[in-house]
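K.L.:
predicted model follows, preceded by the sequence.
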Amino acid sequence: MKPAVREAYLNFDLSQMDFGILMNAFNEAREIDEGIFVEFGTGMGVAGRMMIPQLKDEWFYTVDPFKPYGKGDIDPWEGVNQNMLKGADFYLKEEDTTIKTLSELAAEAGCNFVHERIADYEFIHRTNEKFKFVYVDSDHTFQHVQHLCRIMILNNMIVDGGMIVFDDVSCYDHPTVDGFLQRNNYIKVEQGDFKISYRRGLDNALGFFV
Ligand SMILES: C[S@@+](CC[C@H](N)C(=O)[O-])C[C@H]1O[C@@H](n2cnc3c(N)ncnc32)[C@H](O)[C@@H]1O
């Protein structure tokens, strides 16, 4: 992990964390008719607060079991004595307030808001919905992110032209995930030290070459 990236984590400096990449992908997905918006890892609702007010008549699912979980493979807080930031209860203790705030924002915006209190992989297995936008911001281990990508792609969950954004890409071996996505027709759109966005290629669309 680059020292500047670690610094941004230690200072919780959101202004460095590529939210422009997230919102560009989000705006592109808003142009797509089919599918829902999904966030894996609700946390304290930073991204939800940005997106939900713009989702009139859309479906926004945020998925988080709010249970203790491991940090990524590369932990920026390693060796730092900041219990509040390292502790599992950093997100857990704010669960009720976060869900209440996001629900209120959704009601104001006319957005259909659902919080699923389950793990992301369970959600992928259970849902019948297709995704136009996925924000992967849950468990930042390579094993977990690779597993999510496999099951989303093998189960054909993302619509043509749909967007995926990965957060905290410096916390695990994202280049290997990148290779997997590119081999499966996902095109890298924007890349930062924190976030990377991809678009599902359109060449699988029925009649695209007709
Ligand atoms: C970095 S925070 C998410 C921040 C959030 N996206 C935001 O914008 O504020 C990570 C969250 O992922 C959740 N999480 C951990 N493992 C998960 C899993 N398997 N499925 C869904 N969420 C998970 C944690 O409970 C934690 O709240």
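P.N.:
Thanks, I have the structure now. Numbers count the residues shown, from 1 in each chain.
K.L.:
going forward, measure contacts between C-alpha atoms and count neighbours the same way
P.N.:
Noted.
K.L.:
what number of residues lie near the spatially closest residue to residue 151 that is not a sequence neighbour?
P.N.:
For residue 151, ignoring the flanking residues on the chain, the nearest one in space by Cα to Cα, 6 or more residues apart in numbering is residue 124 at 7.4 Å. Residues near residue 124, counting by other Cα atoms under 10 Å, number 17.
K.L.:
regarding residue 124, what is its secondary structure?
P.N.:
Following DSSP: H, G, I helix; E, B strand; the rest coil, we place residue 124 in the helix state.
K.L.:
how much space between it and residue 178?
P.N.:
Distance from residue 124 to residue 178, counting by Cα to Cα, to the nearest Å: 20 Å.
K.L.:
now swap in residue 49 and tell me
P.N.:
For residue 49, the distance to residue 178 - Cα to Cα - is 28 Å.
K.L.:
OK, contacts around residue 162?
P.N.:
Residues in contact with residue 162 (Cα atoms under 8 Å, 6 or more residues apart in numbering) are 29, 32, 131-133, 199-200.
K.L.:
state the pLDDT value of the residue positioned nearest the centre of the chain.
P.N.:
Taking Cα atoms, centre = their mean as the criterion, residue 135 is the residue nearest the geometric centre of the chain, at 2.0 Å. pLDDT, residue 135: 98.
K.L.:
likewise residue 73?
P.N.:
So, for residue 73, pLDDT stands at 93.
K.L.:
that one: how many residues sit nearby?
P.N.:
Residue 73, neighbours per other Cα under 10 Å, totals 15.
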